[in-house]
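Visitor: just need the structure, nothing else, for what follows:
(chains A and B)
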Amino acid sequence: MNEAVIHVHRGGPLVALVGNPNCGKTALFNRLTGSHQKVANYAGVTIERKEGKLTTVAGKALRLLDLPGAYSLHPRSPDEAITVNVLNGRAEGEKRPDAIVCVVDATNLRRHLRLVLAVKRLGIPCIVALNMADLAERAGVKVEAAALARELGVPVVRTVAVEGHGADDLRGVLDAPELWRGEGNGAAAPESDARGDHEAVRGILNRLGLDHAVPHTVSDRIDRVVLHPVAGPLILAVLLFFMFQAVFAWAEAPMSWIESATAWLGRLAGGLLPEGALRSLVVDGLIAGVGGVVVFLPQIIILFLFILTLEESGYLPRAAFLLDRLMGGVGLSGRSFIPLLSSFACAIPGIMAARTIANPRDRLVTIMIAPLMTCSARLPVYALLIGAFIPKRQVLGGVELQGLVLFGLYVAGIVGALAVAWVLKRFTSARGQARALMMELPTYHWPRVRNVAIGLWQRVMIFVRRVGGIILALTVLLWFLSSFPAPPAGATGAPIEYSLAGMIGRGLAVIFEPIGFNWQICIALVPGLAAREVAVSALGTVYALSATGDDTARALTPLIAQTWSFATALSLLVWYVFAPMCLATLATLKRETGGWKMPLVAAGYLFGLAYLASLITYRTVLWIGG
Amino acid sequence: MPVSLDTLGVLQSAHVVALAAPAGAPEWAQWLTEIGFLPGEPVVVLARGRPGGDPLVVRIGDSTFALRRAEALCIQVEVAT
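Guide: Below is the predicted model:
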């Protein structure tokens, strides 16, 4: 069955980057490949596969694969399993690497060299990249690359991934013909376990005079504050709060530029195209619909700027530590925090990341509540409604009210998820099952601008591809449904009222009228099931087609601010906190749980919860007199 | 005399003696070994969550890990004198 997959490989020999988590492997990968990166998924699993092109000093083209970080070659989670399978040539659609660059953190040789010894036994040509050598030196640990190379029997190159020193040396070593013949590896080492490798590493460090602990003074000092029982949670809350404030405050100017550009484009296209179906498709369908989603790009960039910076700095596992007790209270562990945090970007990688949870009950509960985390696809919906209905002013001395409401919506999702987990804890037997945390708290680093920028660029491209793919397709489909059949002769209302979409909307409005949704919202809810942000583009299209005059190019925000009641807007906001997840999430849920039962249960409970919460919100606001 | 890591006070130095995984999670012994809890390694508790002292922040060798009390209970240590 190997022949079946060989044809996918081209572009030169494959070099794999292997290393413990947090060894600076991805920074080195970015340094070596620059912008020549392809991000995809491994066959059959949603674990990110990063490949890049690397040119050696002599001009030889190599493919560089960034494998998921692993503590050992005995996988304990699915992403570690990918690394091990690729290295053994067992991964589907992946050839066995021709050479391995084993990245070690010079400040933590005790642990990292154990992996080198295990990797060496694979019998693949191997180079050790001695990363963070500058940090080790500053901490008083001078590692001689040549001496280490003699001890290990493989080439050792000093690299400082942050500054790109040594990247050229590494490119040079990859030119050496003896490397590819595997001559540097020496005789195949005998089989050994972690304990045997540990003894061997101790011996090496002893002979090199490096067998003393590296002080972590700066990190420890930061942790004394960040992990403090009182100050720690406070810092976390302030940080998240500031993040949501910034999402609104900083995005204002670029959003208005995009809005003006969309309006200008609409007028331009409207002027160039003849009156008729084509003009309607382009102006009302494409430009009003897609433009309505693209306008939220600045806010998505700001949100990810924060998430990526926190990830780079090493803060995120600390946040998981601080929240572990809270998670324990509802029957989960801090391990569930990472999948749930990924769900803030999108529930799908979140549900996939739940594979790292060994306990089956915990894993299922995490999967079931992951869709309640506010994914980035909800951001456009929230941003539209908040922009239209929450007054732009400062409260409590300088706090942006809009950012405060956004923060509140994120909190509502988290509280909802914890409440559901707590209810599930009552109904499922956890029976004192042991749950593992065992989470590394890496040394703090200054976030590297380059890595954050590359991560941000990849997020932007994912968003742009979504806009160009599913959002565009659904927008066009909705335009068709909203434009046909054409209104009968002598009709007085807007054409959409006579169309298929109009009929569907009116039908659904019967169900949703009690929670304050009009028929336009009901139409938008349907494509919103496929991808949540399409609800925004759908509203753009629906209102553009509902307009009878020449005002179709008007921005959506003032339009809905005029036509919806405050109660309706709040009800819709609350709806999207709990709304049944997009179809892709349901499909992932089915694949991960192996049947239709769980996705149906999830869709059912989310629908019920959303309807109930919206009903309470709508009725309460009406009662107060909103 | 060996005691469990959970009984150590904050910043009290010790070294790992042995691992004993609970019956419900035998795989923990290997996992803990692979992240560095090997006999002879220096270990110190850096911080504890509040309330209840759970989870713990532990320095093992040159690495820092967050462990739950249940995990710390599997790690037998000898306090440095």
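Visitor: next one, pLDDT for residue A:287 please.
Guide: Note for residue A:287: predicted pLDDT of 81.
Visitor: distance of it from residue A:281?
Guide: According to C-beta to C-beta, to the nearest Å, residue A:287 and residue A:281 sit 10 Å apart. Glycine gets a C-beta too; all of them are placed from N, C-alpha and C.
Visitor: out of those two, which sits in the busier spot?
Guide: More crowded of residue A:287 and residue A:281, by other C-beta atoms under 10 Å in any protein chain shown: residue A:287, with 26 against 18.
Visitor: which residue is the nearest non-sequential neighbour of that one?
Guide: Of all residues not flanking residue A:287 in the chain, residue A:266 sits nearest, at 4.6 Å (C-beta to C-beta, 6 or more residues apart in numbering or on different chains).
Visitor: residue numbers of the stretch 101-250 of chain A in contact with chain B?
Guide: Applying C-beta under 8 Å from any C-beta of the partner chain, one finds that the stretch 101-250 of chain A approaches chain B through A:107-111, A:194-195, A:198, A:202, A:213-214, A:216, A:219-220, A:223-224, A:227, A:229.
Visitor: and the lengthiest helix in chain B, what does it pack against?
Guide: The longest helix of chain B (DSSP state H) is helix B:28-34. Packing contacts for helix B:28-34, counted by 3 or more C-beta pairs under 8 Å, 6 or more residues apart in numbering or on different chains; DSSP states H and E, involve helix A:194-207, strand B:13-19.
Visitor: who touches stretch A:518-535?
Guide: A:293, A:296, A:375, A:377-381, A:466, A:470-471, A:474-475, A:477-478, A:482, A:501-502, A:504-506, A:508-509, A:512, A:517, A:536, A:538-539, A:542-543, A:546, A:564, A:568, A:572, A:576, A:579-580, A:582-584 (C-beta atoms under 8 Å, 6 or more residues apart in numbering or on different chains).
Visitor: centre of the chain to that stretch, how far?
Guide: The chain centre lies 23 Å from the centre of stretch A:518-535; the measure is C-alpha atoms, centre = their mean, to the nearest Å.
Visitor: the strands in the chain, which residues?
Guide: You didn't pick a chain, so chain A it is. A:14-19, A:37-41, A:48-55, A:61-66, A:99-105, A:126-131, A:156-158, A:394-395, A:399-400, A:439-440 (DSSP state E).
Visitor: actually, chain B is the one I wanted.
Guide: In chain B, the strands defined using DSSP E lie at B:3-4, B:13-19, B:42-48, B:56-60, B:63-67, B:75-79.
Visitor: which of these is buried the deepest?
Guide: Mean neighbour count (mean count of other C-beta atoms under 10 Å in any protein chain shown) peaks for strand B:63-67 among the strands of chain B, with a mean of 25.
Visitor: make TSV from the strands of chain A and add mean pLDDT and mean neighbour count to it.
Guide: As requested, these are exported to TSV (pLDDT from 0 to 100; neighbours: other C-beta atoms under 10 Å in any protein chain shown):
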stretch	mean pLDDT	mean neighbour count
strand A:14-19	92	25
strand A:37-41	63	13
strand A:48-55	81	19
strand A:61-66	89	20
strand A:99-105	92	26
strand A:126-131	90	26
strand A:156-158	90	22
strand A:394-395	77	11
strand A:399-400	78	18
strand A:439-440	86	21
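Visitor: can I get those in JSON lines with distance to residue A:273?
Guide: Supplementary listing: the strands of chain A in JSON lines, determined by distance: least, C-beta to C-beta, whole Å:
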{"stretch": "strand A:14-19", "distance to residue A:273": "50"}
{"stretch": "strand A:37-41", "distance to residue A:273": "37"}
{"stretch": "strand A:48-55", "distance to residue A:273": "41"}
{"stretch": "strand A:61-66", "distance to residue A:273": "46"}
{"stretch": "strand A:99-105", "distance to residue A:273": "55"}
{"stretch": "strand A:126-131", "distance to residue A:273": "57"}
{"stretch": "strand A:156-158", "distance to residue A:273": "60"}
{"stretch": "strand A:394-395", "distance to residue A:273": "44"}
{"stretch": "strand A:399-400", "distance to residue A:273": "40"}
{"stretch": "strand A:439-440", "distance to residue A:273": "57"}
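Visitor: these: which one's closest to residue A:255?
Guide: Comparing the strands of chain A against residue A:255 with C-beta to C-beta, the closest turns out to be strand A:399-400 (14.4 Å).
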